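A.B. asks: Here is my input; please provide its structure:
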Amino acid sequence: MSSVSRAKSFLAPKLRHLATFFMNQGIIQVASMLYGLACMRVLPIPYYAKYTLVYGYLGTLTMFLDGGTANTINPIIGARIDDLQLIADVVASLRTLVIRAYLILIPFAAAAFVYLARRQEWTLQWGFELGVVLLVSLWFVRLSTAYGQVLLIRRDRSHYYRYQMAGNVGSLVLLALSVWLHIFSLTLAILLNLGQLILIATLNFRRARSLLGVVGRSTKSIRRTIVRLALPNMPATMFYAVQGQITLLLLVLLGHSTTNVANIGALSRLAQIPVFLSLMNPILVEPFFAKLSPEKLKRTYLISLVLVFSLAIAMATFVFYFPESISWLLGPKYSHLRLEIGMVFAGATIVYATGFMFFVNSSRRFVYWWTTVANISTTILIEAYFIWKVDLSSVRHLLAMGICNAAGALLVTAACSWYGLRYGPQKIELHGLAQSELSDGQA
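C.D. replies: Numbering: from 1, shown residues only. Below you'll find the model as predicted:
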C-alpha cells in the first residue's frame, strides 16, 4: 500500500468523525447558546442574576459529585470496548460510588445554597423551590453523564447526538413559544432546563441498557480501581468545583450588586464559544488517545498540541481586537462590556487548551499527586495576591484574576504531560489483570 493510500485510510475515518461532530454538536451548542442568550435578553437583570447564580451553583455541585470519577471509565476500559460485561460492571460500580457521594453531599449543598440565597435576600419560598430543582437537576446531570459514556465507548455517537439535540432544540422551541405567548418567566426558564436534563438522562439510560444487554455488577475491586485512578485528581477537582465559579462567589459574598452578577453571567455566555471545541475532548479526544499505541503517542500528541494552541491563539487575538464581532449577541443591556469580552475570550481559550491536555493525560493515566498540589498551590497564591493587592469590586479585575488562574493551570498541566511522556502512566491492576493486559497496548 502506498503512503498516500495509508494516509487516506488513516485520515478518512477521523475526518468523518470530525464532520459528524461539528454538524451535530454545532446544532446542540447553537441551540444551547440561543437558549441562554434568550434568557439573558428577555429576563430583567435581577432575575437573570438569579438564573446565573443557580446554574453556576449547579456546575459546582456537579463537579463535587463527580470528583473526577467519570474520567476513569475510558482508562479502565481502554481498547476493550467489546467487553460488554466489563463496561456494565464499571458503570454499575461508578453508580454505587455516585449514590453514596450524593447522599453525603445533599445536606452540605442545601445548607450552602440557603446561605447564598440569604446573601441575595431571596424569599424563603424562592430559596426552597430553587434548592429542590438544583438537587433534582444534579442527579439527572450525573445520570446522563455516566450512561452517555456508554454510548461513546460503544461508538454509538448517532444516538448520543440525537438525544442531546432532542433536549436542547426541544427546550429552545418551547422557550420561543412561551415568549411568543407572553408567558415566559424565570420559573419557566428553570423548569425547561430541568425537563431537558431529565429527557436526555432517560434516553441515555435506556440506550445504554440496550447496547450492553447485560446486567452490571458493582464490585469492590472496580470501585477501588475507580477511586485509585480518580484520587490524585480529586482534590483539584473539588477545589476547581468552587474555583470555576469564583467570580460569582466573590461577587455574592462581598455583597456586590445584582448588575455585576448579571454582567458576569452574560459574559460567560460568550465564553461558551471556545468551550464548544472542548466538547470534543470526552467524545473524540479521550477515546482516541486511550487506545493509541505507545509508539504513536508522543508524535500524535505534539502535533495535536500545535494545532490546538494555534487555534486558541487565533481566536483570542481576533476577539480581543474585534470585540464587536460578537458583542451584538449580548444586546443593548450589556453593550458596554467591550474590553471584558476580549478578556473573557482570552481566559476561555486558555481553559480550552488546558482541557485538551487534561483529557489526554487522563486517557493515558498521567495522573499524579504532585500535579494536584501544584495546581491548588498556584491558584491559591494567585488569588491571595489579587485579594491582597487588587480591588475586586471591578468586573475587569475579576476577569484578570481568572486569566492568571487559567495560565497557571495551563503550565502545571503541560508539566504533567511532559512528566507522563517521559516517565509513564500510573500503574493500576483490575480483576487480577497485569498492567499490559488492562488496556491492550496502552503505555
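A.B. asks: got the contact list for Gly217?
C.D. replies: One thing to correct before we go on: residue 217 is Arg, not Gly. Ala88, Asp89, Ala92 (Cβ atoms under 8 Å, 6 or more residues apart in numbering). Heads up, the C-betas are built off the backbone N, CA and C, glycines and all.
A.B. asks: What sits closest to the first one if chain neighbours are left out?
C.D. replies: Sequence neighbours aside, Gly216 is the residue nearest to Ala88 in space, at 3.3 Å (criterion: Cβ to Cβ, 6 or more residues apart in numbering).
A.B. asks: Which phi and psi values does the one you found adopt?
C.D. replies: phi -80, psi 150 (degrees, to the nearest 10).
A.B. asks: And the pLDDT for it?
C.D. replies: According to the prediction, Gly216 has pLDDT 84.
A.B. asks: same thing with the one 4 residues further on?
C.D. replies: pLDDT for Lys220: 87.
A.B. asks: count of residues packed around it?
C.D. replies: 9 (other Cβ atoms under 10 Å).
A.B. asks: who wins for neighbours among the contacts of Arg217?
C.D. replies: Busiest of the contacts of Arg217 [other Cβ under 10 Å] is Asp89, holding 23 neighbours.
A.B. asks: Correct me if wrong: that one contacts Gly216.
C.D. replies: Yes: using Cβ atoms under 8 Å, Asp89 is in contact with Gly216, at 5.0 Å.
A.B. asks: Neighbours of Arg118, how many?
C.D. replies: Around Arg118 there are 11 residues (other Cβ under 10 Å).
A.B. asks: Start the count at 52 instead of 1 going forward.
C.D. replies: Fine by me, first position is 52 from now on; the one you just mentioned is Arg169.
A.B. asks: which residues does it contact?
C.D. replies: Per Cβ under 8 Å, 6+ apart, neighbours of Arg169: Gly178.
A.B. asks: just Ile392 next, same as before
C.D. replies: Leu318, Leu321, Val370, Pro374, Ile377, Ser378.
A.B. asks: Which members of these occur in helices, if any?
C.D. replies: Within these, residues falling in helices by DSSP state H are Leu318, Leu321, Val370, Ile377, Ser378.
A.B. asks: Quick check: the second one touching Pro374?
C.D. replies: No: at 9.4 Å, Leu321 does not count as touching Pro374 under the criterion of Cβ under 8 Å.
A.B. asks: Tell me which of those two has more neighbours.
C.D. replies: Set Leu321 next to Pro374 and count neighbours by other Cβ under 10 Å: Leu321 wins out with 25 against 19.
A.B. asks: Thr368 versus the more buried one, what's the distance?
C.D. replies: Separation of Leu321 from Thr368 (Cβ to Cβ, to the nearest Å): 16 Å.
A.B. asks: Please apply the same query to Arg473.
C.D. replies: For Arg473, the distance to Thr368 - Cβ to Cβ - is 32 Å.
A.B. asks: Please apply the same query to Asn426.
C.D. replies: Distance from Asn426 to Thr368, by Cβ to Cβ: 26 Å.
A.B. asks: same deal with Leu175?
C.D. replies: From Leu175 across to Thr368, the span is 48 Å (Cβ to Cβ).
A.B. asks: Next, count neighbours for Ser344.
C.D. replies: 12.
A.B. asks: do Val224 as well
C.D. replies: With other Cβ under 10 Å as criterion, Val224 counts 13.
A.B. asks: for it, helix, strand, or coil?
C.D. replies: helix (DSSP: H, G, I helix; E, B strand; the rest coil).
A.B. asks: need the contacts of Ile392 in CSV with distance to Leu335 and pLDDT, can you?
C.D. replies: Shown next, in CSV, are the contacts of Ile392 (distance: Cβ to Cβ, whole Å; pLDDT from 0 to 100):
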residue, distance to Leu335, pLDDT
Leu318, 28, 74
Leu321, 24, 72
Val370, 25, 83
Pro374, 30, 80
Ile377, 25, 76
Ser378, 31, 71
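A.B. asks: Export those residues to CSV and append columns for distance to Cys467.
C.D. replies: CSV is the format used below for the contacts of Ile392 (distance: Cβ to Cβ, whole Å):
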residue, distance to Cys467
Leu318, 29
Leu321, 29
Val370, 28
Pro374, 33
Ile377, 32
Ser378, 36
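A.B. asks: Just name the closest of these to Ile431, please.
C.D. replies: Leu318 (24.2 Å; Cβ to Cβ).
A.B. asks: what's the closest non-adjacent residue to the closest one?
C.D. replies: Val395 (4.7 Å).
A.B. asks: Identify each buried residue in the helix or strand encompassing that neighbour, please.
C.D. replies: Take DSSP states H and E as the rule and Val395 turns out to sit in helix 389-414. Using 16 or more other Cβ atoms under 10 Å as the test for burial, helix 389-414 gives 391-414.
A.B. asks: Next secondary structure after it?
C.D. replies: For helix 389-414, the following helix or strand on the C-terminal side (DSSP H and E) is helix 420-440.
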